[in-house]
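Colleague: whatever this is, show me its structure:
(chains A and B)
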Amino acid sequence: GENVEQHPSTLSVQEGDSAVIKCTYSDSASNYFPWYKQELGKRPQLIIDIRSNVGEKKDQRIAVTLNKTAKHFSLHITETQPEDSAVYFCAAKGYSSASKIIFGSGTRLSIRP
Amino acid sequence: KAGVTQTPRYLIKTRGQQVTLSCSPISGHRSVSWYQQTPGQGLQFLFEYFSETQRNKGNFPGRFSGRQFSNSRSEMNVSTLELGDSALYLCASSLEGSGSRNEQFFGPGTRLTVL
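Modeller: Residues are numbered from 1 along each chain as shown, chains lettered A, B, ... in the order given. A predicted model of the protein is given here:
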């Protein structure tokens, strides 16, 4: 069945450094790739998403890249700040209504002061 | 617009009981999805409802069921509760859940504890 693998499961970076989280998906029909951030005790919130007709998308310090051939997509956070500490989930979904959204297992990102 | 709301926020039940959780989507959203979140398993998809019909289903036993009403509000029911059902249950709504209108917005969740 469809699967999304996410790595690493935990990541600790020095404040100001960059963080990269990688995901691999199995369903070649996937064409929508959102990233969610979940702070402790809060609901997941969409921080950025990308569709398959785009290779890269940026929003301030956050960027996502997509390689459809390799079925990889990655989240890049630059100039990390303490408020970036959270669990990040990637997900993949196909275009049709019959397609389920599949989430990765999450990455716990910690920013060291 | 008001966000996605879920009731109750916390529940404590005992094994063998049943429970019903409620989710009110953002006004105008027609798709409601349910997820189970546990520390070791991340976000596990339960099912999705659209226009009162179950459109997608995850790999959960038949004890987990749901429904959607004409106003798009959704309920999920878990019968014969087991200790392993203790989790945070999240619902998420989207405009249509497909095509270009599938951005999901999550509710705060219902924390279910089974004793």
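Colleague: now do the strands in chain A.
Modeller: A:4-7, A:10-14, A:19-25, A:30-38, A:45-51, A:56-59, A:62-67, A:72-77, A:86-94, A:102-103, A:107-112 (DSSP state E).
Colleague: which residues does B:R67 contact?
Modeller: Going by C-beta atoms under 8 Å, 6 or more residues apart in numbering or on different chains, B:R67 touches B:49, B:52, B:74-75. Bear in mind the C-beta positions are built from the backbone N, C-alpha and C, glycine included.
Colleague: revised request: answer the last question for B:N71.
Modeller: Contacts of B:N71 (C-beta under 8 Å, 6+ apart): none.
Colleague: element containing it, please.
Modeller: Counting by DSSP states H and E, no helix or strand carries B:N71.
Colleague: same thing with B:Q36?
Modeller: Here B:Q36 sits within strand B:31-38, counting by DSSP H and E.
Colleague: now that strand: average pLDDT?
Modeller: In this model, strand B:31-38 has an average pLDDT of 94.
Colleague: for that strand, the distance to its chain's centre please.
Modeller: Distance of strand B:31-38 from its chain centroid, counting by C-alpha atoms, centre = their mean, to the nearest Å, is 4 Å.
Colleague: same check on stretch B:90-99?
Modeller: Relative to its parent chain, stretch B:90-99 has a centroid offset of 12 Å by C-alpha atoms, centre = their mean.
Colleague: need the contact partners of that stretch.
Modeller: Residues outside stretch B:90-99 that contact it (C-beta under 8 Å, 6+ apart): A:43-44, A:95-97, A:99, B:4, B:6, B:21, B:23, B:25-26, B:28-37, B:43, B:48, B:50, B:55, B:72, B:74, B:76, B:101-107, B:109.
Colleague: among those, which ones are buried?
Modeller: Buried subset of the contacts of stretch B:90-99 (neighbour count, 16 or more other C-beta atoms under 10 Å in any protein chain shown): A:43-44, A:95, A:99, B:4, B:6, B:21, B:23, B:25-26, B:29-37, B:43, B:48, B:50, B:55, B:72, B:74, B:76, B:102, B:104-107, B:109.
Colleague: contacts only, for the most centrally placed residue in chain B.
Modeller: Ranked by distance to the mean C-alpha position of chain B (C-alpha atoms, centre = their mean), the top residue is B:W34 at 3.0 Å. B:W34 sits next to B:23, B:45-48, B:66, B:74, B:76, B:89-92 when contact means C-beta under 8 Å, 6+ apart.
Colleague: mind doing that once more with 10 Å?
Modeller: Contacts for B:W34 were tallied using C-beta atoms under 10 Å, 6 or more residues apart in numbering or on different chains; they are B:6, B:21, B:23, B:44-49, B:58, B:60, B:64, B:66, B:74-76, B:89-92, B:107.
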